[in-house]
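**Student:** With the input below, show me the fold.
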Amino acid sequence: QVQLVESGGGLVPPGGSLRLSCAASGTFFSINVMSWYRQAPGKQRELVASITSGGITNYTDSVKGRFTISRDNAKNTVYLQMNSLKPEDTAVYYCFAPIQKTWATDMLWHYWGQGTQVTVVS
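**Tutor:** Numbers count the residues shown, from 1 in each chain. Model (predicted):
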């Protein structure tokens, strides 16, 4: 059974830093793109950052220059380093990955992590 397991959330003051991790476990063939989304209370879930297996990254404008996404392909793990955190970054952060489970088909199965709370408050 494939799972995405997140860790690293918490409560920090404005200007602080946190590092989120998301590890894919189970049996599967490959993962191309891994992403972080977030959802604040009363708001829609939004894409924060994504990274391909080749290291190509994409960020939403509000986090550019503050957040860095990276991954360790050997460990099937994606990270989100969050610096200069602001109160508006407060949200539940979710890891997401479309996963190819076998070599026999290019069908992708969508998996979400359980979510980790990030709270930025004075």
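**Student:** helix/strand/coil for Gly16?
**Tutor:** coil (DSSP: H, G, I helix; E, B strand; the rest coil).
**Student:** try the one 3 residues further on
**Tutor:** Arg19 falls in the strand class when you classify it by three-state DSSP.
**Student:** what residue is smack in the middle of the protein?
**Tutor:** Trp36 (2.7 Å; CA atoms, centre = their mean).
**Student:** Now that residue: which helix or strand?
**Tutor:** Element membership of Trp36 [criterion: DSSP states H and E] is strand 34-39.
**Student:** which residues are contacting the helix or strand of the chain with the lowest mean pLDDT?
**Tutor:** Between all helices and strands in the chain, the lowest mean by mean pLDDT, DSSP states H and E belongs to strand 30-31, at a mean of 92. Applying CB atoms under 8 Å, 6 or more residues apart in numbering, the contact partners of strand 30-31 are 24, 53, 76, 97-100. C-beta: built from backbone N, CA, C; applies to glycine.
**Student:** hmm, 10 Å instead?
**Tutor:** Residues outside strand 30-31 that contact it (CB atoms under 10 Å, 6 or more residues apart in numbering): 2, 4, 24, 52-53, 71, 73, 76, 78, 97-103, 106, 108, 111.
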